[in-house]
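Undergrad: show me how the following folds:
(one chain, ligands or ions: 1)
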Amino acid sequence: MSCNAKGAALAAEWLSWGPRAGLDLVRDVSFAIPAGARLAILGANGAGKTSLLRCLYRAVQPRAGRVLIDGTDLAALSPREVARHISVVLQEMPADFPFTVRDVVMMGRIPRRSGLAGWQESDRQACDHALSHLELTSFADRAFSSLSGGEKQRVLVARALAQDPEILILDEPTNHLDIRHQLEILALLEGLGLTVVTTLHDINLAGRFATHVALMAQGRLIGFGAPDEVLDAGALSAAFGVTAHCQGAREMEPPRFSFSLAANS
Ligand SMILES: Nc1ncnc2c1ncn2[C@@H]1O[C@H](COP(=O)(O)OP(=O)(O)OP(=O)(O)O)[C@@H](O)[C@H]1O
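TA: This is a model prediction of the structure:
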């Protein structure tokens, strides 16, 4: 990966998608973020966050609307071209995976390989760089299947970075991670200079990490903007069906929240 990466602007225009007619899980979603922005998508279980991500990296074709990368419609790009712009870290972990950590990270280079050419020095360098960025160099020859959940998660982030994307899309990247590794991975993502789009369940972490927040409920965006504009007790209470208590904001910091069950839940 390049440390001088600039990211790319990303926009969604009136996106709707569902697995079948009459069942839209993403409804009329529009937003735009500039290159280098960090967008956290928040919402209750089942709000449609993963479905929206799937539209953004073209795992599915939207029923309506479009996704633009630096103004180019994603639908006009081949899967290989999409993979040169966007890399993805998903929640699912491959279980019985007969590969070493280095093999897994090298897989990130496949979209960069030309034709039947073997690995180039640049591929090995990108792989080494990504391993070292995630403090995984000493794990390089370990079997991926022998790692803990948190270690596997870091390997999958390293693979995504080795792909050298402009946009990094992550589904709950802090799952499986202890608090130190949660903070470290978010700090690392923040330092990359790439455009990052991630779902997160920890609202306070999201408020500190993100430049933009998208709050979802029932497939729709019910809030989008800077964390201190979007994250307020009323909106969070509505989105999550809880009572959110704002614990105040320090100067130049987003507000922090605690939560309790709503009286009628
Ligand atoms: N192929 C499908 N057919 C029917 N329903 C689906 C399908 N895929 C997802 N859903 C439902 O759509 C809703 C949104 O799912 P999605 O995974 O996008 O939510 P999410 O916000 O990412 O949830 P979580 O926080 O639990 O990961 C859920 O209720 C889910 O069960």
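
Undergrad: please make it C-alpha for all contacts and neighbour counts, starting now.
TA: Noted.

Undergrad: hmm, who's touching stretch 149-158?
TA: With Cα atoms under 8 Å, 6 or more residues apart in numbering as the contact definition, stretch 149-158 has outside contacts at 89, 93, 101, 104-105, 127, 130-131, 133-134, 136, 144, 173, 175-178.

Undergrad: alpha carbons only: can I get it in PDB?
TA: Extracted in PDB, the C-alpha atoms of stretch 149-158 (Å, rounded to 0.1, in the frame of the first residue of the first chain):
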ATOM      1  CA  GLY A 149     -10.400 -13.800  15.900                       C
ATOM      2  CA  GLY A 150      -8.700 -10.500  16.500                       C
ATOM      3  CA  GLU A 151      -5.500 -11.500  14.800                       C
ATOM      4  CA  LYS A 152      -7.500 -12.800  11.800                       C
ATOM      5  CA  GLN A 153      -9.300  -9.400  11.600                       C
ATOM      6  CA  ARG A 154      -6.000  -7.600  11.400                       C
ATOM      7  CA  VAL A 155      -4.800  -9.900   8.700                       C
ATOM      8  CA  LEU A 156      -7.900  -9.100   6.600                       C
ATOM      9  CA  VAL A 157      -7.300  -5.400   7.100                       C
ATOM     10  CA  ALA A 158      -3.700  -6.000   6.000                       C
END
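
Undergrad: what average pLDDT does that stretch get?
TA: Averaged across stretch 149-158, pLDDT comes to 89.

Undergrad: what residue lies at the spatial centre of the chain?
TA: Leu170 (2.2 Å; Cα atoms, centre = their mean).

Undergrad: run through the bridge partners of it.
TA: Val89, Thr198 (DSSP bridges).

Undergrad: was I right about it contacting Val88?
TA: Yes: the criterion here is Cα atoms under 8 Å, and Leu170 meets it with Val88 at 5.7 Å.
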